[in-house]
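Student: Compute the structure for the input listed below.
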Amino acid sequence: MKRKSAVSLLLAFLMLTGAASCSSGGTNEEKGTAPETTAGASEVTPAAAEEEPEEPEGNGRSNVKDSLPDDLDFGGAVLHFYTRGGDRDTLMEFQAEELNGEVVNDAVYSRNLAAQERLNIDMDLILAPVNIHGGTNDQIRKSVSSGSDDYDLLGNGMYSMMSLTMENILLPMNELPYLDFSAPWYNQAFLEDTNLNGHNYTVMGEVGQTMISGAFVMFFNRTMFDTFYNGDVNLYQVVNEGEWTIDKMISLCEPVYQDANGDGEANEGDIFGHYFTNTDTLGADAFYGAARIDYLKKGDDGVWFFNATCDRMFTFTEKMHKLLFEGTNTLRLPYNNDDIMNTMKADQTIFVTWMLSGIDLLRDMESDFGILPMPKLDTAQEQYAEYVHDASSSFSIPVTEDDPAMSAAFLEAMSAESFRTVTPAYFETALKSKYSRDSETSQMLDIIVDGIYLDIGYIFGGSVNSPIGKIRSVLASATSCENAASSLAKQEKATMKALEKLLQKYEDIR
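Tutor: Have a look, this model is predicted:
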């Protein structure tokens, strides 16, 4: 499921220096109330524009053509685009009221304007006050069930959108004109795993920045690490040699502990190698996804089976038990979301896991920091792998849309322009504004983005008995981790029943 095409052209671009300000993690609020409307950009204000940055030689993205006809003209029609905008992560995907000199904002503004002008469409951007952790299902259902044409294009959290795909309220997008799913701006792994009856009802790709900003990564306090190891261990070299594994991480954490507060207890205020939230957490998603374990797997005969009790799973839980619960490798406290980086910023822990957007939480960090891909399960695993947040944005068209060709053309234009301009701007900001001190990070980001993948258990979530929820519970306590074999085995019947129901629903819809 390696996502090659959408990132291969980044290689030369990513060989620039550094990384930095992207977007922050959201809160845990799941849903908003009534949507708020913000008009789409309609004209450029030259006085607000900054001088465009010179495109890195060899980037190549700006030259990638789409297949939209040059003479498409929708006569100034208004396209109502309903999506999330409740926090920085979601807001930065489409909201840009004017040019303000901030690289990503200006790229988003220019993309929105370019797509509208190219197709002679006026975008009405309707932002629901819902954050990166939430979805907008209730409002979408209400609109469609009433037969309303409120929305022409929908953006929603991935796991939320997947539940809507089974409700006959979204159009089969691969039957629509203008959408080219072979293009590099779409995530092929997502398309493959969500096509269960020959149709795709939702897509994920570079039009939504949360597909990249939501990728789970390993942050580390480089000042602490280099001080402790006297510069003798180069973590970037460890990654490049394929040796960055859970075992390697454990070996680097074990000698770090210091009773810094002198109370004789291993607790907050002491120095640890690793920080991990002490309850159900997205950190579990990050480590589990990086291990490439199929909770549900399709056999050579095309039949799905329960694979959560495979040997690879128990190797994983044994290694995670050692990292999280044995000795003094890991400090576990309630810090989560916007506070997830607290101990690393305070020079109390070296490693912490969060979404790539967590860079924004490190703006005031005094020590140098670095970014790594998540560690592999073992050295036999060929590729580093990264889940993206299961509420990263995906996009659909409701069955109530009276001009689906217009919506499809607009989505294609926005996606292509995002690939050409917004993603490079996002990486330029990430690389240049904060991380110019660390040229190796550009290589790490390339590995991270190239390793983005998804699987059916993660994508469909609650519809298949919430596999990732079970993994979060397993890693929430030492006892749960020790009892992983029995607790996961108990999930087989319910999970397979849910999967059977899911597959049947797909058979019954278009």
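
Student: What residues sit buried inside stretch 401-410?
Tutor: Neighbour counts using 16 or more other Cβ atoms under 10 Å place Glu401, Pro404, Met406, Ser407, Ala408, Ala409, Phe410 of stretch 401-410 among the buried residues. Every residue, glycine included, has its C-beta placed from N, CA and C.

Student: What mean pLDDT does it get?
Tutor: Averaging pLDDT along stretch 401-410 gives 97.

Student: quick one, phi/psi of the closest residue in space to Asp106 that isn't next to it in sequence?
Tutor: Across the structure, with Cβ to Cβ, 6 or more residues apart in numbering as the measure, the residue nearest Asp106 apart from its sequence neighbours is Leu99 (5.0 Å). Here the main-chain torsion angles of Leu99 (degrees, to the nearest 10) amount to phi -70, psi 130.

Student: what do you get for Ile126?
Tutor: Here the main-chain torsion angles of Ile126 (degrees, to the nearest 10) amount to phi -110, psi 110.

Student: That one bridge partners, please.
Tutor: Counting by DSSP bridges, Ile126 forms beta bridges with Thr37, Tyr82.

Student: pretty sure Ala409 is in contact with Leu153, am I right?
Tutor: No. Checked against Cβ atoms under 8 Å, the pair Ala409 and Leu153 is beyond contact range at 10.6 Å.

Student: now the helices for the stretch 251-400 of the chain?
Tutor: Using DSSP state H, counting those that start in this stretch, the helices found in the stretch 251-400 of the chain span residues 282-290, 311-325, 342-345.

Student: These: which one's closest to Asp508?
Tutor: Across these, Asp508 has its closest neighbour in helix 282-290 (30.4 Å, Cβ to Cβ).

Student: Now do that closest one: which elements does it pack against?
Tutor: The contact analysis (3 or more Cβ pairs under 8 Å, 6 or more residues apart in numbering; DSSP states H and E) places helix 282-290 against strand 216-221, helix 311-325, strand 349-355, helix 467-474.

Student: For these, give me a markdown table that also has mean neighbour count and mean pLDDT.
Tutor: Supplementary listing: those in a markdown table, determined by neighbours: other Cβ atoms under 10 Å; pLDDT from 0 to 100:
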| stretch | mean neighbour count | mean pLDDT |
| --- | --- | --- |
| strand 216-221 | 25 | 96 |
| helix 311-325 | 19 | 98 |
| strand 349-355 | 26 | 97 |
| helix 467-474 | 22 | 96 |
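
Student: And these: which comes nearest Gln381?
Tutor: Closest of these to Gln381 is helix 311-325, at 9.5 Å (criterion: Cβ to Cβ).

Student: What is the closest one packed up against?
Tutor: In this structure, helix 311-325 packs against helix 246-253, helix 282-290, helix 478-482, helix 484-489, with contacts taken as 3+ Cβ pairs under 8 Å, 6+ apart.

Student: Might you report the residue contacts of the closest residue to Gly269 other than its chain neighbours?
Tutor: What sits nearest to Gly269 in space, not counting adjacent residues and going by Cβ to Cβ, 6+ apart, is Asn261, at 3.6 Å. Counting by Cβ atoms under 8 Å, 6 or more residues apart in numbering, Asn261 touches Asn267, Gly269, Asp270.

Student: I'd like to know how many residues surround the second one.
Tutor: For Gly269, the number of neighbouring residues by other Cβ atoms under 10 Å comes to 14.

Student: Would you list the phi and psi of it?
Tutor: Reported as degrees, to the nearest 10, the phi and psi values for Gly269 are phi 100, psi -20.

Student: Which parts of the stretch 101-250 of the chain are helices?
Tutor: Counting by DSSP H, counting those that start in this stretch, the stretch 101-250 of the chain forms helices over residues 103-119, 137-145, 158-164, 188-194, 210-213, 222-228, 235-240, 246-253, given from the N-terminal end onward.

Student: Make JSON lines from those and add mean neighbour count to it.
Tutor: Shown next, in JSON lines, are the helices of the stretch 101-250 of the chain (neighbours: other Cβ atoms under 10 Å):
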{"stretch": "helix 103-119", "mean neighbour count": "21"}
{"stretch": "helix 137-145", "mean neighbour count": "17"}
{"stretch": "helix 158-164", "mean neighbour count": "23"}
{"stretch": "helix 188-194", "mean neighbour count": "20"}
{"stretch": "helix 210-213", "mean neighbour count": "27"}
{"stretch": "helix 222-228", "mean neighbour count": "18"}
{"stretch": "helix 235-240", "mean neighbour count": "18"}
{"stretch": "helix 246-253", "mean neighbour count": "20"}
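
Student: To Ser394, which of those helices lies closest?
Tutor: helix 158-164 (4.7 Å).

Student: Provide a list of residue ranges in the chain with pLDDT below threshold.
Tutor: When residues are selected by pLDDT under 70, those of the chain lie in 1-59, 429-438, 510.

Student: what ranges do the strands span in it?
Tutor: With DSSP state E as the definition, the chain shows strands at residue ranges 36-39, 77-84, 121-128, 153-157, 216-221, 272-275, 296-298, 304-306, 330-331, 349-355, 369-372, 393-396.

Student: wait, which of these is closest to Gly205?
Tutor: Across the strands of the chain, the minimum distance to Gly205, taken as Cβ to Cβ, is reached by strand 393-396, at 7.9 Å.

Student: from what I can see Thr400 touches Val144, true?
Tutor: Yes. Taking contact to mean Cβ under 8 Å, the distance of 5.4 Å between Thr400 and Val144 places them in contact.

Student: any residues in contact with both of those two?
Tutor: If you check Thr400 and Val144 against Cβ under 8 Å, 6+ apart, no residue is contacted by both.

Student: Name the residues of stretch 269-289 that come out as buried.
Tutor: Burial within stretch 269-289, assessed by neighbour count using 16+ other Cβ under 10 Å, is assigned to 270-278, 280-289.

Student: number of nearby residues for Gly155?
Tutor: The criterion is other Cβ under 10 Å. On that basis, Gly155 has 28 neighbouring residues.

Student: Need the helices of the stretch 101-250 of the chain in TSV (columns: distance to Asp338).
Tutor: Written out in TSV, the entries for the helices of the stretch 101-250 of the chain read as follows (distance: least, Cβ to Cβ, whole Å):
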stretch	distance to Asp338
helix 103-119	20
helix 137-145	25
helix 158-164	21
helix 188-194	27
helix 210-213	15
helix 222-228	22
helix 235-240	26
helix 246-253	24
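
Student: And the strands of the chain: which comes nearest Trp185?
Tutor: Each of the strands of the chain was checked against Trp185 via Cβ to Cβ, and the shortest separation belongs to strand 393-396, namely 11.5 Å.

Student: Can you name the residues that contact Lys505?
Tutor: Met166.

Student: same deal with Thr281?
Tutor: Shown here is Thr281, whose contacts under the criterion Cβ under 8 Å, 6+ apart are Asn336, Arg472, Leu475, Ala476.

Student: Now render those as CSV, adding distance to Ser396.
Tutor: Formatted as CSV, the entries for these read as follows, by distance: Cβ to Cβ, whole Å:
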residue, distance to Ser396
Asn336, 30
Arg472, 27
Leu475, 32
Ala476, 33
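
Student: Of those, which pair is most distant in space?
Tutor: Between any two of the contacts of Thr281, the greatest separation by Cβ to Cβ is 13.7 Å, found for Asn336 and Leu475.

Student: Looking at these two, which has the bigger crowd around it?
Tutor: Using other Cβ under 10 Å as the criterion, Asn336 and Leu475 rank with Leu475 on top: 27 against 18.

Student: how near is Asp193 to Val203?
Tutor: Asp193 sits 12 Å away from Val203, taking Cβ to Cβ, to the nearest Å as the criterion.

Student: hmm, I was thinking of Gly262
Tutor: With distances defined as Cβ to Cβ, the gap from Gly262 to Val203 amounts to 55 Å.
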